[in-house]
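*Asks:* next one to model:
(one chain, ligands or ions: 2)
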Amino acid sequence: MTNDDKRPGGADSFDVIVIGGGPAGYPTAIRAAQNKLTVACIDEWKNRDGSAAFGGTCLNAGCIPSKALLESTELYHRLQEEFATHGIKVSGAQVDLAQMQKRKAGIVRAMTQGIVALFKAAGVTPLQGHGRLLPGRRVEFTAHDGTRRELSARHVVLASGSAPIELRSAAFQAPHIVDSWGALDLDAVPKRLGVIGAGVIGLELGSVWRRLGAEVVVLEALPDFLAFADQQLAKEALRHFKKQSLDIRLGAKVSGATVKGGAVEVTYADAKGEQHVTVDRLVVAVGRRPYSKDLLAAGTGVELDERGLIKVDHSCRTAAEGVWAVGDCVRGPMLAHKGKEEGVNVADLIAGRYGEVNYKVIPSVIYTAPEIAWVGLTEEQVKASGREYKVGMFPFLASGRARAMEQAAGFAKIVAARDDDEILGVHIVGPMAGELIAEAVLAMEYSASSEDLQRTIHAHPTLAEAVHEAALNADKRAIDSLNR
Ligand code: FAD
Ligand code: AMP
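*Replies:* Numbers count the residues shown, from 1 in each chain. Ligands and ions are numbered 1, 2, ... in the order given. Reported below is the predicted structural model:
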């Protein structure tokens, strides 16, 4: 007996249909199958070579390829800048960009094929092609070969993701003016690279190409660097990026970009008036917009807001009975782990289990060097709330492990309430900050106090001791740094 035969409504009827197989959609499908529901996951992603692949933006054109290139280029950078300090002499090191890109593509392929294997093991029906929600929880599925089927489900989960925002003043014009996907696929290191937007994606991509030798200028409209982050953290990060010769220009709003003679002339306005900069390649990294092209037929009852986000309640229910939406296509930070958590939560709710997403405790990570990570409220936000608070800091300069790694830039910072000592926010700029933040996330998930962290034994010598010492410093009881 096949899975199809077991379905009460036949081969085209499922308990759950998920539209979108990115990091929000595919975990929804797997958890629903774990919950003994019949599930299909429809995904239309096609890579540049025409191959279909699950995994969405994150695996194919976002989180994973960017981290692959960040890792390779950081190794090259450290080889040039640090190895001599370690007493290792290297000469003749060269970048083989084709090999670097090949390695990246191999990782992406392995990870996306992994989803197919996970689907098979869990019993999820994979459907590659376009999904369109019709009224009454029916779904029109158009396979990549053009064949069409109508499916039905008790529940439909929309996970259609997001797409890069295009600027009217700097419209995409490959290969000169590209989006983040194009910036990950450059086949030569540009001599001069322009990046519009000093957000997470702009900084990561700018770092990749800077480390390979490009002169990188980043144009950011806002006057403050990383305006959404703790400003002490942002200042420390900016200091290090400047040392790396990333030319970050704040308060610089781009108003035009023209391709001329193989280069791009960019016009922007800053406090001094109109400015110009010429680059060989321009990356537009000004954010992402929710994507819902041809997703909803008339009469489904699903509503979009003015930004194009699918309207949902706290538990990701849309206005249509039995239709849910998760990930980048709904409100909240556009992060893979946020979408994943929403997806598994929805799959549990559908199965009648308990589920809750704690939106207050979603970590953010910027995978530059030094790495930047935080969770919870910034010091500015706590100050504005009027709640009395205390701050604990620990510089990585005082960490034996960080020094041994030759990675002693940055600090760990903890903001805790004065009244009940609850941890309100943790901000780290330094080595492996993205890994270190997990401890703070767990602590905050359990409403821990700074004393809880102070009394937790941390192995020595580890980077994690920085979080421990920052907690101790909040009460001026640090051992390994001056209690300022
Ligand atoms: P998506 O990943 O966009 O997936 C949606 C999928 O649905 C796609 O495959 C799409 O083709 C498919 N689809 C859409 N409509 C239909 C339809 N009608 N029928 C069938 N299929 C459809 N986030 C992090 O957390 N960490 C990072 O380090 C990170 N790095 C990033 C780096 C870059 C360069 C970029 C661009 C993004 C990065 N992000 C990162 C953001 C992250 O990629 C997104 O938050 C995440 O992919 C959102 O997941 P999603 O499943 O909601 O949407
Ligand atoms: P993010 O949303 O984190 O990906 O960051 C995108 C960044 O691009 C934001 O900091 C915006 O301020 C910035 N931005 C948007 N439009 C422009 C523009 N025309 N010129 C320069 N920066 C811009």
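*Asks:* list the contacts of whichever residue of the chain sits closest to ligand 2.
*Replies:* Nearest residue of the chain to ligand 2: residue 199, at 2.2 Å (CB to the nearest ligand atom). Placement of C-beta: from N, CA and C, glycine included. Residues in contact with residue 199 (CB atoms under 8 Å, 6 or more residues apart in numbering) are 285-287.
*Asks:* and which of the residues you listed is nearest ligand 1?
*Replies:* Once CB to the nearest ligand atom is applied, the member of the contacts of residue 199 that ends up nearest ligand 1 is residue 285, at 7.9 Å.
*Asks:* any part of stretch 238-251 near ligand 2?
*Replies:* No. Using CB under 6 Å from any ligand atom, no contact is recorded between stretch 238-251 and ligand 2, whose separation bottoms out at 9.0 Å.
*Asks:* so for that stretch, mean pLDDT?
*Replies:* Average pLDDT, stretch 238-251: 98.
*Asks:* for it, output the C-alpha coordinates as CSV.
*Replies:* Output in CSV follows, covering the C-alpha atoms of stretch 238-251 (Å, rounded to 0.1, in the frame of the first residue of the first chain):
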residue,chain,number,x,y,z
LEU,A,238,32.1,50.0,13.0
ARG,A,239,35.6,50.7,14.4
HIS,A,240,36.7,47.2,13.3
PHE,A,241,35.2,47.4,9.9
LYS,A,242,37.0,50.7,9.3
LYS,A,243,40.3,49.1,10.3
GLN,A,244,39.5,46.5,7.6
SER,A,245,39.2,49.4,5.1
LEU,A,246,35.5,48.9,4.5
ASP,A,247,34.6,52.4,3.4
ILE,A,248,31.2,52.8,5.1
ARG,A,249,29.5,56.1,4.3
LEU,A,250,26.6,56.9,6.6
GLY,A,251,23.8,59.3,5.8
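*Asks:* what residues does this structure put near ligand 2?
*Replies:* 167, 196-201, 219-222, 253-254, 285-287.
*Asks:* next secondary structure after the lowest-mean-pLDDT helix or strand in the chain?
*Replies:* Comparing every helix and strand of the chain by mean pLDDT, DSSP states H and E singles out helix 3-6 as the least confident one, with a mean of 47. Per DSSP states H and E, the first helix or strand lying C-terminal to helix 3-6 is strand 13-19.
*Asks:* all strands of the stretch 301-450 of the chain, in order?
*Replies:* With DSSP state E, counting those that start in this stretch as the criterion, the stretch 301-450 of the chain has strands at 323-325, 364-366, 371-376, 389-395, 411-417, 423-430.
*Asks:* the closest residue to residue 148 other than its chain neighbours pairs with what?
*Replies:* Leaving aside its chain neighbours, residue 148 sits nearest to residue 142 (5.0 Å; criterion: CB to CB, 6 or more residues apart in numbering). When assigned by DSSP bridges, residue 142 has beta-bridge partners residue 130, residue 148.
*Asks:* now residue 142: how far from ligand 1?
*Replies:* According to CB to the nearest ligand atom, to the nearest Å, residue 142 stands 9 Å off from ligand 1.
*Asks:* again, but for residue 77
*Replies:* From residue 77 to ligand 1 the distance is 19 Å (CB to the nearest ligand atom).
*Asks:* wasn't that residue part of a helix?
*Replies:* Yes. Judged by DSSP: H, G, I helix; E, B strand; the rest coil, residue 77 forms part of a helix.
*Asks:* close enough to count as contact, it and residue 406?
*Replies:* No. Applying CB atoms under 8 Å, one finds residue 77 not in contact with residue 406, separated by 12.0 Å.
*Asks:* what is the neighbour count of the closest residue to ligand 1 within the stretch 101-250 of the chain?
*Replies:* At 2.2 Å from ligand 1, residue 161 is the closest residue in the stretch 101-250 of the chain, using CB to the nearest ligand atom. The local packing of residue 161 (other CB atoms under 10 Å) involves 27 other residues.
*Asks:* could you do residue 479 as well?
*Replies:* 11.
*Asks:* correct me if wrong: it contacts residue 472.
*Replies:* Yes. Counting by CB under 8 Å, residue 472 is a contact partner of residue 479 at 6.7 Å.
*Asks:* do I have it right that residue 176 meets residue 281?
*Replies:* Yes. Using CB under 8 Å, residue 176 makes contact with residue 281 at a distance of 6.2 Å.
*Asks:* may I have the phi/psi pair for residue 156?
*Replies:* Main-chain dihedrals, residue 156, degrees, to the nearest 10: phi -120, psi 130.
*Asks:* equivalent analysis for the one 4 residues further on, please.
*Replies:* Comment: the main-chain dihedrals of residue 160 come out as phi -80, psi 0, following degrees, to the nearest 10.
*Asks:* number of nearby residues for the closest residue to residue 93 other than its chain neighbours?
*Replies:* The shortest distance from residue 93 to any non-neighbouring residue, by CB to CB, 6+ apart, is to residue 79 (5.5 Å). Residues lying near residue 79 (other CB under 10 Å) number 13.
*Asks:* separation between residue 79 and residue 90?
*Replies:* 6 Å (CB to CB, to the nearest Å).
*Asks:* related to what we said a few turns ago, so who does the residue of the stretch 101-250 of the chain closest to ligand 1 touch?
*Replies:* Applying CB under 8 Å, 6+ apart to residue 161 gives the contacts 20, 22, 24-25, 56-57, 290-291, 327-329.
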